Every structure is written in structure tokens, then in C-alpha cells.
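> Structure for this input, please:
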Amino acid sequence: METTLDGIRDIKVYQNKQGYRFSVDAVLLCSFADMRYARKIADLGAGSGIIGLLLARKYPKSAVTLVELQESLYRLAVRNININGLDDRVTAVLSDVAHLQQTLNGMSYDLVVSNPPFRKPTTGRLSAGEERAIARHELALKFTDLAGAAAYLLKSKGRFFMIYHPGRLIEVFDSLRTYRLEPKRIRFVHNDVGSESKIVLIEAVRDGKPGVKIEKPLAIYHEDGSYTNEVSAMYGDGR
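I've put the predicted structure just below:
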């Protein structure tokens with residue numbers, strides 16, 4: 001499959017030209033994932049690796065594991081680790097997230113992150129091409145399996161950061177709590193200040209106490225289509 005070489009900040013990634021490609025979601029999630037330190041990080045459903053690679057730069061003392069089910073994306077992740085000179089700290093694993101117990105050690109990660117497929121197979125227009133369809137629709141990964149995998153990997157008080165659709169927020173909270181992942185922080189994302197939210201950022205803590213903080217809404221674009229100052233800053237330094 002033909003590829004393109006793209007980048008965000010100081011990370012370069014090869015992507016399949018006609019396959020699944022990262023979006024602004026990667027920058028939003030990387031910026032939202034905010035811990036004082038993180039020694040071990042896992043990116044579940046990593047695609048070509050963009051989020052995990054950004055987090056490797058954000059936490060320069062961390063070891064990062066990129067978990068991807070699709071072999072085409074896994075091969076790109078391996079390639080992208082190499083071109084960014086992160087072979088010593090970042091590893092790609094070809095694995096089904098629902099069966100991580102066979103691949104990775106449990107209760108050993110400080111931070112788990114995921115930009116999972118959030119469209120049910122019967123809702124929305126099915127993405128063209130298998131790679132994009134699996135990345136966007138729950139064809140190969142159900143959210144309950146993702147929540148279980150994150151809980152399995154995280155240490156007690158470890159943190160799970162994810163991006164999802166606001167319309168499924170209640171079922172997400174139910175699944176997280178089933179696996180002792182307590183929602184602690186959420187932020188609704190809007191295309192602009194006059195639009196409804198189509199994205200929500202969620203932080204949950206393994207074995208955390210009840211109590212959730214709702215942060216101020218985030219608008220991505222100004223009326224003229226340019227990025228807002230906050231999003232522009234995310235592209236600049238990740239904070």
C-alpha cells in the first residue's frame with residue numbers, strides 16, 4: 001500500500017495513503033494525558049503509533065508499548081519507531097487488545113492511552129476500506145474488552161486516558177467502573193464555540209475514589225477555520 005510521510009511536532013510517521021490516518025484527535029489526547037511522571041506507557045489500538053510516539057517524547061524516561069491488531073498498521077508502527085530513533089524505549093506488539101494477558105504483564109503500567117473505535121457497526125456510514133473500518137467501528141474491539149485490558153495493565157492508581165463519543169458516555173462509565181476504573185476527569189471537545197460536542201476526553205484512575213471533574217469545553221477551530229490558540233499551542237509544545 002502506498003504511504004505518505006507526515007508529522008506532528010518532532011514526530012514523523014509513515015501512514016498508508018488510502019488506509020486509516022491520524023487526525024487532531026492524536027494531539028488532543030496526548031495533551032490531555034497529563035501525569036507528573038510515567039515510567040511505563042501502553043497505547044492500545046496504536047495504529048501507526050502516533051500517540052504513543054508523542055507520549056514517548058513527552059515522557060523522555062518512559063518505556064512505551066504500542067499494541068496494534070492490524071498487521072498493516074503494526075508494520076508502520078515498527079517503521080515509525082525506527083525513523084524517530086526511539087528503538088531503545090518504544091516497542092510495537094502485534095496483538096488483540098482483548099487477549100493482552102497472553103502478551104503483556106498485568107499491573108505494571110502507569111499510563112494507558114487509547115483512541116478506540118467508537119461507532120457501532122450498525123450506526124454511521126461504514127468507513128471505506130477494512131483498515132479504516134476496523135479503526136473506527138467496533139468490528140474487532142468492543143469497549144468492554146478495552147476497559148478490561150486497561151484495567152489489567154494498570155498499577156493501582158495508574159491512569160487511563162481515552163477519547164470517545166459523548167453519546168456513549170453513560171455506557172463508557174458503566175464499563176470503566178465494572179473494571180475498577182473510576183472516571184475522574186472529562187472534557188468535552190467542540191469543533192467551534194457554537195457547535196455541539198462530538199468528542200469527549202476521559203481520564204479514569206485504577207482503584208480511584210468516586211468524584212469527577214468536568215473541565216471547561218475545548219473548541220478546536222475559530223469561525224474562520226483556523227485552530228484556536230489552545231489547540232495551536234498543543235501542536236507547538238504539547239502542553
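
> these two touch, right, Ala56 and Val90?
Yes: using Cβ atoms under 8 Å, Ala56 makes contact with Val90 at a distance of 5.2 Å. Glycine gets a C-beta too; all of them are placed from N, C-alpha and C.

> joint contacts of these two?
Val64 (Cβ atoms under 8 Å, 6 or more residues apart in numbering).

> Looking at the two, which is more packed in?
Between Ala56 and Val90, counted using other Cβ atoms under 10 Å, the more crowded position is Val90 (26 against 23).

> bridging residues for that one?
Val64 (DSSP bridges).

> how much space is there between it and Ile220?
Using Cβ to Cβ, to the nearest Å, Val90 is found at 28 Å from Ile220.

> ok, now Arg89?
30 Å.

> Could you check which of these two is surrounded by more residues?
Counted by other Cβ under 10 Å, Arg89 and Ile220 do not tie: Ile220 has more neighbours, with 19 against 15.

> can you pull the contacts of the more buried one?
Val24, Leu28, Val189, His190, Asn191, Asp192, Tyr227, Thr228, Val231.

> quick one: secondary structure of Ala38?
coil (DSSP: H, G, I helix; E, B strand; the rest coil).

> And the strands in the chain, which stretches?
3-8, 11-16, 40-44, 63-68, 90-94, 109-114, 154-164, 181-190, 197-206, 213-214, 218-219 (DSSP state E).

> Minimum distance to Thr103: which of those strands has it?
strand 90-94 (5.9 Å; Cβ to Cβ).

> how about the strands of the chain in CSV, adding mean pLDDT?
CSV is the format used below for these (pLDDT from 0 to 100):
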stretch, mean pLDDT
strand 3-8, 94
strand 11-16, 96
strand 40-44, 98
strand 63-68, 98
strand 90-94, 98
strand 109-114, 98
strand 154-164, 98
strand 181-190, 98
strand 197-206, 97
strand 213-214, 98
strand 218-219, 98
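
> do you know which of these lies nearest Ala33?
Using Cβ to Cβ, those put strand 154-164 closest to Ala33, at 4.1 Å.

> tell me which strands and helices the closest one is in contact with?
helix 24-32, strand 109-114, helix 143-153, strand 197-206 (3 or more Cβ pairs under 8 Å, 6 or more residues apart in numbering; DSSP states H and E).

> 6 Å instead, please
Helices and strands touching strand 154-164, by 3 or more Cβ pairs under 6 Å, 6 or more residues apart in numbering; DSSP states H and E, are helix 24-32, strand 109-114, strand 197-206.
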